[in-house]
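Asker: need coordinates for the following:
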Amino acid sequence: MFTRKQKEDRPVIAICYDFDKTLSPDDMQAQGYIQSVGYDVNQFWKDSNRVAFANDMDQNLSYMYKMVDEARGKFVMNRKALMDYGAKVQLFKGVDTWFERIRQYGLKKGVIVEHYIISSGLKEMIEGTKVAQSGAFERIYASSFFYNDRGEAVWPAQVVNYTNKTQFLFRIEKGVLDCNDPMVNDYIPKEDVRVPFRNMVYIGDSDTDVPCMRLVNAYGGYSIGVYNADTNDKDKVFKMMYEERIKYFAPADYTEGSELDQLVKDIIDRTQVNEKLEQIHVDKKREYLKAAKEHEAKKAAETKI
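Answerer: So this is what the prediction gives:
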């Protein structure tokens, strides 16, 4: 019933990405949808936030409500329409080839690399991007709509905000990928975990990514803040670095040979060595426990004599 991944015979690295301003230079809604309903981009977000504050409402639920409300009478807001808007979303330099390049680099090093989206943006729009269409992502965790019998978006099916993003890291850790799979709460022995947090990379751009960054950092993983190389505005990454939310920062340039490209490859190289040492530790621990058990059994037998 549920999709559950098992522990592999090689190390697995999960690279998790925010989307807006991490893989794309602007909010996805501001790259076609907002303009199509006759709204100024800044005014749309102001009005959306006003609805949220006036009703003690989650800001992501508010923007989803606003999207449905503003589309009424202008066009049918269905999955295809949202995917079509997604197809027009711009991506940072190198993103279109990044995912397969990094996956292939991992394979050469004996490491399985998986890419995951964890975003407050819209799943349907992300699914419409050319990288998602090419199968770049293992899973896309993002806000999404429920559709009625006519295929129209009428209600949120999933809302992803900055704090509940962290649940998806635990799903990835255990290989329990479906949003409704209760096995995410089950205990799994450390040695059987599919993707230990030390093998997770989280790439994001702002405060909304902080809970995931802090969680990954706390368990030995890697958090990377990115900024737009064209504007060279480093205020957010400097703030996150000062507050120890991130371990590294780099321009959001995903081309081969870029600073980010080399950093992620270095993490893959390090993981290859770390996991070899970790396996030696596990093997030695098992050897010790077996010897200790045999020693205790021998002592017990001698006592009986």
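
Asker: low pLDDT regions in this structure?
Answerer: Along the chain, segments meeting pLDDT under 70 span 305.

Asker: in it, which spans are strands?
Answerer: Secondary structure of the chain (DSSP state E): strands at 12-17, 112-122, 139-147, 153-158, 200-204, 222-227, 248-251.

Asker: quick check: buried residues in the longest one?
Answerer: Spelled out, it's strand 112-122. For strand 112-122, burial by neighbour count (16 or more other C-beta atoms under 10 Å) applies to 112, 113, 114, 115, 116, 117, 118, 119, 120, 121, 122. C-betas here are computed from N, CA, C, even on glycine.

Asker: now the strands of the chain as JSON lines including distance to residue 104?
Answerer: As requested, the strands of the chain are exported to JSON lines (distance: least, C-beta to C-beta, whole Å):
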{"stretch": "strand 12-17", "distance to residue 104": "13"}
{"stretch": "strand 112-122", "distance to residue 104": "9"}
{"stretch": "strand 139-147", "distance to residue 104": "20"}
{"stretch": "strand 153-158", "distance to residue 104": "31"}
{"stretch": "strand 200-204", "distance to residue 104": "17"}
{"stretch": "strand 222-227", "distance to residue 104": "20"}
{"stretch": "strand 248-251", "distance to residue 104": "21"}
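
Asker: need the winner for burial among those strands.
Answerer: Neighbour counts averaged per stretch over those are highest for strand 200-204, at a mean of 27; criterion: mean count of other C-beta atoms under 10 Å.

Asker: list the contacts of it.
Answerer: Contacts to strand 200-204, defined as C-beta atoms under 8 Å, 6 or more residues apart in numbering, come from residues 13-18, 22, 118, 169, 172-173, 209, 212-213, 216, 219, 221-226, 264, 267.

Asker: repeat that with 6 Å
Answerer: With contact meaning C-beta atoms under 6 Å, 6 or more residues apart in numbering, strand 200-204 is reached by 14-18, 22, 212-213, 216, 221-224.

Asker: and the angle for it with strand 112-122?
Answerer: If you take axes from the mean of the first three to the mean of the last three C-alpha atoms, to 10 degrees, strand 200-204 sits at 30 degrees to strand 112-122.

Asker: tell me how far strand 200-204 is from the chain's mean position?
Answerer: Relative to its parent chain, strand 200-204 has a centroid offset of 7 Å by C-alpha atoms, centre = their mean, to the nearest Å.

Asker: just want the angle from that strand to strand 222-227.
Answerer: With the same axes, to 10 degrees defining the directions, strand 200-204 sits at 20 degrees from strand 222-227.

Asker: paired strands for strand 200-204, with orientation please.
Answerer: strand 12-17 (parallel), strand 222-227 (parallel) (DSSP bridges).

Asker: mind putting those strands into TSV with distance to residue 45?
Answerer: Shown next, in TSV, are those (distance: least, C-beta to C-beta, whole Å):
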stretch	distance to residue 45
strand 12-17	22
strand 222-227	20
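
Asker: nearest to residue 183, out of these?
Answerer: Of all the strands paired with strand 200-204, strand 12-17 sits nearest to residue 183, with 17.3 Å by C-beta to C-beta.
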